[in-house]
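A.B. asks: Sequence first, then the predicted structure, then my questions.
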Amino acid sequence: MTITPEKIAASNKVAVESLLNVSATALSSAERLAALNLNTARSLIEDSLANLKALAEAKDPQAFAALQGSFVQPGTEKLVAYYRGVYEIATQNQEEITKLLETQFAELNKNLNTALDDAAKSAPAGSDIAISAVKSALAAANSTYDSVSKAARQVVDIAEANVTTATNAAVKAVGSTAKAARKSA
């Protein structure tokens, strides 16, 4: 196996492209997170001003208390929506970077197998056992990586389902509490 300047240049080009792809993905996620934060802040200010105006126009203490209770549910829903947005951005970023890394990992495996095949062609007699052992170890490592990757995806899916269920339950509980508070006011 001969390492030529062209192979080194091609390898460097792939590494730089991979770094640029990861950087672009991270920057895109940062932009989306900044937009989410800006929109959430804008909405919070607008809602706060509207709520203050409504409270200032309340005619009696019961109306004031009822208004306060009516602000809880929408505020909670917006808070949950914000955290869902942050979670989605983070999850999408992680998925995109994972795909990029998996592509690089597959390319590395392909290159290693090609290098081993090239080495086998020019290796002295009897070295085929060592090359087979290295290929077997590489296959075992790939299998382990696949198993761990699948298990990690299952854990993420389960955690995501649990977070969604807990979030929905919390929103419903706050809604019920707010309704009960308005009725008693």
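C.D. replies: Sure thing, it's come through. Numbering: from 1, shown residues only.
A.B. asks: Skipping its backbone neighbours, what lies nearest L112 in space?
C.D. replies: Of all residues not flanking L112 in the chain, L138 sits nearest, at 6.2 Å (C-beta to C-beta, 6 or more residues apart in numbering). Quick note: C-beta positions are derived from backbone N, CA and C, even for glycine.
A.B. asks: which stretches of this protein form helices?
C.D. replies: 5-56, 61-122, 128-184 (DSSP state H).
A.B. asks: ok, of those, where does mean pLDDT dip lowest?
C.D. replies: For the helices of the chain, mean pLDDT drops lowest on helix 128-184, to a mean of 77.
A.B. asks: helices or strands up against that one?
C.D. replies: Packing contacts for helix 128-184, counted by 3 or more C-beta pairs under 8 Å, 6 or more residues apart in numbering; DSSP states H and E, involve helix 61-122.
A.B. asks: Could you count how many residues lie near the residue nearest to L112?
C.D. replies: Counted with other C-beta atoms under 10 Å, residues neighbouring L138 total 14.
A.B. asks: ok, now S176?
C.D. replies: 11.
A.B. asks: what does A54 give?
C.D. replies: Neighbour tally, A54, other C-beta under 10 Å: 15.
A.B. asks: Pull the contacting residues for it.
C.D. replies: Residues near A54 by C-beta atoms under 8 Å, 6 or more residues apart in numbering: L67.
A.B. asks: Can you give me the distance of it to A30?
C.D. replies: Look at A54 and A30: by C-beta to C-beta, to the nearest Å, they are 36 Å apart.
A.B. asks: circling back: most tightly surrounded among the helices of the chain?
C.D. replies: helix 61-122 (a mean of 14; mean count of other C-beta atoms under 10 Å).
A.B. asks: which one is the most centrally placed residue in the chain nearest to, not counting chain neighbours?
C.D. replies: The centre of the chain sits closest to T91, judged by C-alpha atoms, centre = their mean, with a distance of 1.5 Å. With sequence-adjacent residues excluded and distances taken as C-beta to C-beta, 6+ apart, T91 is closest to E160, at 7.5 Å.
A.B. asks: what residues are up against Q92?
C.D. replies: Q92 neighbours (C-beta under 8 Å, 6+ apart): S29.
A.B. asks: ditto for T40
C.D. replies: With C-beta under 8 Å, 6+ apart, T40 has these contacts: K78, Y82, G85.
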